[in-house]
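Any chance you can model this:
(one chain, ligands or ions: 1)
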Amino acid sequence: MGTINVIGLGYIGLPTALMFASHDVKIVGTDYNEELVKTLQSGQLTFDENGLDVLFTDALSKGIEFSTEYISTDIYIIAVPTPYDKLSKKIDPSYVVKAVENVMSVCPKGATVVIESTVAPGTIDKFIRPVVEANNYIIGEDLNIVHAPERIIPGNMVYELKYNSRTIGADNKDVGETIKALYGVFCLGDIVVTDIRTAEMTKIVENTYRDINIAFANELAKICRIDNLDVYEIIKIASMHPRVNILQPGPGVGGHCISVDPWFLVGDYPGLANIILAARKINDSMPEFVLERVHDIMKEKAMSDLTRVGLYGLTYKENVDDVRESPSLQLLEAMEKHLAPTLKSYDPYVKKVILKNQYHNFDEFLTDVDFVIIMVGHDEIKDNMKKLTGKIILDTKNICNLEGTYKL
Ligand code: SAJ
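So this is what the prediction gives:
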């Protein structure tokens, strides 16, 4: 097997590159960010993830290389960002398009480009094929295009890379089977080969399914709040039914996947994507729902000083360092809209200063607040819950058993 050039060394590209390398596949990882490439070349990781350090050491010992340049080879895996426009909800395919163009500038005839980045259904037909054809490449002869959407969950990426099943979308069965065999080097899950449009749609459907199910749990939380019912107890009991499995309510849905992908279906199928749209709205309403709870609790406690209220957790979920679309940031944004003063906040994983009144030490944060809103269930707070004794607590993650704790 020849060298694989993995393009984009972020949350998906880097673990994938390391996994291949640790299984003795020759890998060159390419990223246009010089700083990032230098960091990796110096033997340092660029983000925290369970088990990634061990994989990195292994991949380095197997000779993985990092570069800002694309190399000439037979197989490319593209894992670059696919941002979306917040207002139009449309995908911005420019990074993927640019990567494919760069590949074409160096690749030999007959090379294969595997796109792992999540794309809205139809993106490859709409944006990638025309660019390839505009370069006078014949798809299937001069260049093969494959869509192999990633499926790994931040926090458990290394495990899931190995054990999750995967989808390979290709125009041609033989190319699909070749790429399937390639991923089979490390992937122990089933690998299904299908066409590109189906692969694109499947990926979006998976995240939409989860969004809808989280929205159901969040809607139940709102319903139960009205009548002072324990939503967690109800979910627990209902889920004992053999065909019921309800997810957990929370302060909202963040991350770059579940809170984004369903919008592509809403945008492309207006009038048809109704549950999908409702689910998005419910999940997006949760940070404001938390604010309403804060308001009610402050009234009940006759507390007026907003500066003594603090948010615990800024990331989009527990034990990761990613703050993209996080419910806490959505909540602070909503406060800003109402011109309310910003709350104190703290997150053990967020080392950079991204907010006013942000703390970097748990104890100092606790000293300066009377009311703690638990937004993220990091292990740190779970392991130190006693430190919150005596505080007013709103626990949106159902992790605190201290007496008097308010729930969602
Ligand atoms: N959440 C809840 N209640 C729950 C579960 C999650 O409120 O019961 C919230 C989380 O706190 C978080 C958000 O939902 O804010 C999303 O978190 P997540 O852990 O469910 O998923 P992501 O966004 O980290 O990763 C998802 C995964 N997709 C599915 O589970 C269908 C992952 O497999 C995908 O690879 C990833 O999106 C992606 O990149 O598309």
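
And the pLDDT for L36?
At L36 the predicted local distance difference test score is 98.

So it sits against Q44, correct?
No - between L36 and Q44 there is no contact under CB atoms under 8 Å: 10.2 Å. (Glycine included, C-beta is placed from N, CA and C.)

So between those two, which is more surrounded?
Taking other CB atoms under 10 Å, L36 and Q44 do not tie; L36 has more neighbours (17 against 10).

what helix or strand is that one on?
Take DSSP states H and E as the rule and L36 turns out to sit in helix 34-41.

how far out from the middle of the chain is that helix?
23 Å (CA atoms, centre = their mean, to the nearest Å).

Specify the next element, helix or strand, located C-terminal of it.
In the C-terminal direction, the helix or strand that comes right after helix 34-41 (DSSP H and E) is helix 52-61.

So which other helices or strands are in contact with that following helix?
With contacts defined as 3 or more CB pairs under 8 Å, 6 or more residues apart in numbering; DSSP states H and E, the secondary structure elements packing on helix 52-61 are helix 13-22, helix 157-163.

same thing but at 10 Å, please
Under the contact criterion of 3 or more CB pairs under 10 Å, 6 or more residues apart in numbering; DSSP states H and E, helix 52-61 touches helix 13-22, helix 34-41, helix 157-163.

Touching, G377 and C400? I think so.
Yes - look at G377 against C400 with CB atoms under 10 Å: they come within range, at 9.2 Å.

For the chain, just list every one of the strands.
With DSSP state E as the definition, the chain shows strands at residue ranges 4-7, 27-30, 65-67, 75-78, 111-115, 143-147, 166-170, 191-194, 309-312, 344-346, 358-359, 371-374, 392-395, 406-407.

hey, which of those is tucked in deepest?
Mean neighbour counts were compared across the strands of the chain using mean count of other CB atoms under 10 Å; the top stretch is strand 4-7, at a mean of 27.

chain center to that strand: distance?
21 Å.

cool, and stretch 77-92?
A distance of 13 Å separates the centroid of the chain from that of stretch 77-92, by CA atoms, centre = their mean.

now the strands of the chain in JSON lines, with mean pLDDT and distance to the ligand?
Supplementary listing: those in JSON lines, determined by pLDDT from 0 to 100; distance: least, CB to the nearest ligand atom, whole Å:
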{"stretch": "strand 4-7", "mean pLDDT": "98", "distance to the ligand": "16"}
{"stretch": "strand 27-30", "mean pLDDT": "98", "distance to the ligand": "19"}
{"stretch": "strand 65-67", "mean pLDDT": "98", "distance to the ligand": "23"}
{"stretch": "strand 75-78", "mean pLDDT": "98", "distance to the ligand": "15"}
{"stretch": "strand 111-115", "mean pLDDT": "98", "distance to the ligand": "14"}
{"stretch": "strand 143-147", "mean pLDDT": "98", "distance to the ligand": "14"}
{"stretch": "strand 166-170", "mean pLDDT": "98", "distance to the ligand": "11"}
{"stretch": "strand 191-194", "mean pLDDT": "98", "distance to the ligand": "16"}
{"stretch": "strand 309-312", "mean pLDDT": "97", "distance to the ligand": "14"}
{"stretch": "strand 344-346", "mean pLDDT": "97", "distance to the ligand": "16"}
{"stretch": "strand 358-359", "mean pLDDT": "96", "distance to the ligand": "20"}
{"stretch": "strand 371-374", "mean pLDDT": "98", "distance to the ligand": "12"}
{"stretch": "strand 392-395", "mean pLDDT": "98", "distance to the ligand": "14"}
{"stretch": "strand 406-407", "mean pLDDT": "98", "distance to the ligand": "14"}
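
and the residue in the stretch 51-200 of the chain positioned nearest to the ligand, what is it in contact with?
Relative to the ligand, the nearest point of the stretch 51-200 of the chain is I153 (4.2 Å; CB to the nearest ligand atom). Under the criterion of CB atoms under 10 Å, 6 or more residues apart in numbering, the neighbours of I153 are Y159, E160, N164, G255, C257, K317, V320.

mind listing what the closest residue to the fourth one other than its chain neighbours touches?
Sequence neighbours aside, Y316 is the residue nearest to G255 in space, at 4.4 Å (criterion: CB to CB, 6 or more residues apart in numbering). By CB under 10 Å, 6+ apart, Y316 lies in contact with 154, 252-259, 322-330, 375-376.

What residue spans form the domains of the chain?
The record, using automatic domain parsing to delimit domains, assigns the chain the ranges 4-194, 206-407.

Enumerate the residues of the stretch 151-300 of the chain near the ligand.
Taking CB under 6 Å from any ligand atom as the criterion, the neighbours of the ligand within the stretch 151-300 of the chain are 151-154, 206-207, 210, 214, 247-248, 250, 253-255, 257-258.

now do 8 Å
151-155, 160, 164, 203, 206-207, 209-211, 213-214, 217-218, 247-259, 261, 283, 286 (CB under 8 Å from any ligand atom).

which stretches of the stretch 51-200 of the chain aren't confidently modelled?
The model of the stretch 51-200 of the chain has no residue with pLDDT under 70.

ranges for the helices of the stretch 301-408 of the chain?
Listed from the start of the chain, the stretch 301-408 of the chain has helices (DSSP state H, counting those that start in this stretch) covering 327-337, 362-367, 379-383.

burial count for Y159?
What Y159 shows, counting by other CB under 10 Å, is a neighbour count of 13.
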